[in-house]
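K.L.:
can you look at this prediction? I've put the sequence above it.
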Amino acid sequence: MSSHTASSPHDFAPVCAPVCAPVCAPVCAPPCAKGTLQHLQRHQFLSLHRPRGLWLRAESGSLWVTVDGETDDIELTTGQSQRFDTNATVTVGTFGGDAVLCTVPPPPPAWQQTLRRWLSGPARLVHA
């Protein structure tokens, strides 16, 4: 198992730069406001199945992240995050002790958001 610091883990402040804000909006909120906070103890693992679009953030401690089929692993330290563009299983463990992580799911597709807005809008009268 080889280790390297992820080529694209983000500290949340730079991620929320104006250029990136529309894409990264789910993670620009206060830590874990739109996600699920989880505590991992040493020697405990979490499997994320089909994580395409999911953000993973290290709230405290260090995380060791393995993506099935990839040769390099990812290490995330407090405040760093990683977005996954794969449907391969991702396994998350701690690196040296307990850790707290946040998983933020991807936003729904644009068509789904539009449909939800349309359906939740005021009632519309249709004249024949």
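P.N.:
Arrived safely.
K.L.:
now name the helix or strand holding residue 42.
P.N.:
According to DSSP states H and E, residue 42 maps onto no helix or strand at all.
K.L.:
with residue 102 instead?
P.N.:
strand 99-104.
K.L.:
how far out from the middle of the chain is the helix or strand following that strand?
P.N.:
Downstream of strand 99-104, the first helix or strand assigned by DSSP H and E is helix 110-120. Taking Cα atoms, centre = their mean, to the nearest Å, one finds the center of helix 110-120 at 23 Å from the center of the full chain.
K.L.:
quick one: mean pLDDT for helix 110-120?
P.N.:
In this model, helix 110-120 has a mean pLDDT of 81.
K.L.:
pull out the buried residues from it.
P.N.:
Within helix 110-120, no residue is scored as buried using 16 or more other Cβ atoms under 10 Å. Yep, even glycine has a C-beta here, placed from its N, CA and C like the rest.
K.L.:
number of residues surrounding the nearest residue to residue 97 once chain neighbours are set aside?
P.N.:
The shortest distance from residue 97 to any residue other than its chain neighbours is 5.5 Å, reached at residue 42 (Cβ to Cβ, 6 or more residues apart in numbering). Per other Cβ atoms under 10 Å, the neighbour tally for residue 42 reads 12.
K.L.:
my guess is residue 42 contacts residue 95. True?
P.N.:
No. Counting by Cβ atoms under 8 Å, residue 95 is not a contact partner of residue 42; they are 9.3 Å apart.
K.L.:
pLDDT weak spots in this protein?
P.N.:
Of all residues in the chain, those with pLDDT under 70 make up the ranges 1-31, 122-128.
K.L.:
quick one, what contacts the most centrally placed residue in it?
P.N.:
Centroid-nearest residue in the chain, with Cα atoms, centre = their mean: residue 55, separated by 1.0 Å. Shown in contact with residue 55 (Cβ atoms under 8 Å, 6 or more residues apart in numbering): 26, 27, 35, 81, 82, 83, 84, 102, 103, 104, 106.
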